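1. missing the sequence, but the structure's below:
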């Protein structure tokens, strides 16, 4: 059975960061290190032993009152624990530490009216725990 | 939660034009207005529906002459623009004359609101 992508949660600890319209979950990546030699017949790579949890953006409804808390986190720069729970049948969950690196209210175009939204940029730091 | 239609009627009703729901009563004097909700576009977050929605409200100005219908439609547009109860955007306008000779101008407004 295919799972749809509606119902993802992103929380700071156990607390919602607002009403989420869209979230682009962080990718888990390792750097590819080229080890091509003169003996190689094609390019060769190994991966870095240290993985990176990539920066990501969550878009929330600005009017729902989360801006103040996020601004406090932005000002402090202190990493906090965040949790993402995916709406799949197995409820795969991410836990990681991150700082709030950016706050950006969306474009307001009078000829294409939309809800007032806030893009929140998170910079994960440290390891990802998957459960 | 407050009702959007109540606010629409409050905004539209004047001594010159009375607003009716869905259909002009046979006894209603011309010119008059008829309003009807066409769609309700709830805005969703991942936790479910928010309390914000985009509602398409159709308001039709009926009058005995085309000129009177134009005047009523212009007055409607001004009222919808000036009300502080909600924000509305004129999205579409059509015109027709029925078999009884009544001239009608149909405005579709998109209304952003937190009201039901």
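-> Done, it's in. Predicted model, so just to flag it, every value in this text is computed and none were measured. Residues are numbered from 1 along each chain as shown, chains lettered A, B, ... in the order given.

2. Could I get the full set of strands for the chain?
-> I'll assume chain A. For chain A, strands defined by DSSP state E occupy the ranges A:9-12, A:15-16, A:20-23, A:28-34, A:45-53, A:56-61, A:80-85, A:93-105, A:117-130.

3. ah, no, chain B please
-> Going by DSSP E, chain B shows strands at B:19-21, B:32-45, B:48-63, B:87-97, B:103-113.

4. Minimum distance to chain A: which of the ones you listed has it?
-> For the strands of chain B, proximity to chain A was assessed by Cβ to the nearest Cβ; strand B:32-45 is nearest, at 4.0 Å. Heads up, the C-betas are built off the backbone N, CA and C, glycines and all.

5. Could you measure from the nearest residue to residue B:64 once chain neighbours are set aside over to residue B:10?
-> Counting by Cβ to Cβ, 6 or more residues apart in numbering or on different chains, residue B:64 lies nearest to residue B:30, which is 5.0 Å off, once chain neighbours are set aside. Going from residue B:30 to residue B:10 by Cβ to Cβ, to the nearest Å gives 22 Å.

6. okay, these two: which has more neighbours?
-> A count of neighbours by other Cβ atoms under 10 Å in any protein chain shown puts residue B:30 above the other of residue B:30 and residue B:10, at 16 against 12.

7. Please identify the residues of chain A in proximity to chain B?
-> A:6-9, A:16, A:19-21, A:23, A:60-61, A:63-64, A:87, A:113, A:115 (Cβ under 8 Å from any Cβ of the partner chain).

8. and which of those is nearest residue A:71?
-> Set against residue A:71, the nearest of those by Cβ to Cβ is residue A:60 (12.8 Å).

9. Enumerate every residue touching the closest residue to the closest one other than its chain neighbours.
-> Among residues not flanking residue A:60 along the chain, residue A:18 sits closest, at 3.7 Å (Cβ to Cβ, 6+ apart). Contact partners of residue A:18, counting by Cβ atoms under 8 Å, 6 or more residues apart in numbering or on different chains, are A:60, A:61, A:64, A:65, A:66, A:67, A:70, A:118.

10. thought the first one was touching residue A:66?
-> Right, the one you point to is residue A:60. Yes: assessed by Cβ atoms under 8 Å, residue A:60 is found in contact with residue A:66 at 6.0 Å.

11. hmm, back to that, among the residues of chain A next to chain B, who's most crowded?
-> residue A:60 (25 neighbours).

12. Tell me how many other residues crowd residue 108.
-> All of this is about chain A. By other Cβ under 10 Å, 10 other residues sit near residue A:108.

13. right idea, wrong chain: chain B
-> Using other Cβ under 10 Å, the number of residues around residue B:108 comes to 17.

14. residues in contact with it?
-> B:38, B:56, B:57, B:58, B:90, B:91, B:92, B:93.

15. Any of these buried? List them.
-> B:56, B:57, B:58 (16 or more other Cβ atoms under 10 Å in any protein chain shown).

16. and the end-to-end length of stretch B:78-95?
-> End-to-end distance of stretch B:78-95 (Cα to Cα, to the nearest Å): 18 Å.
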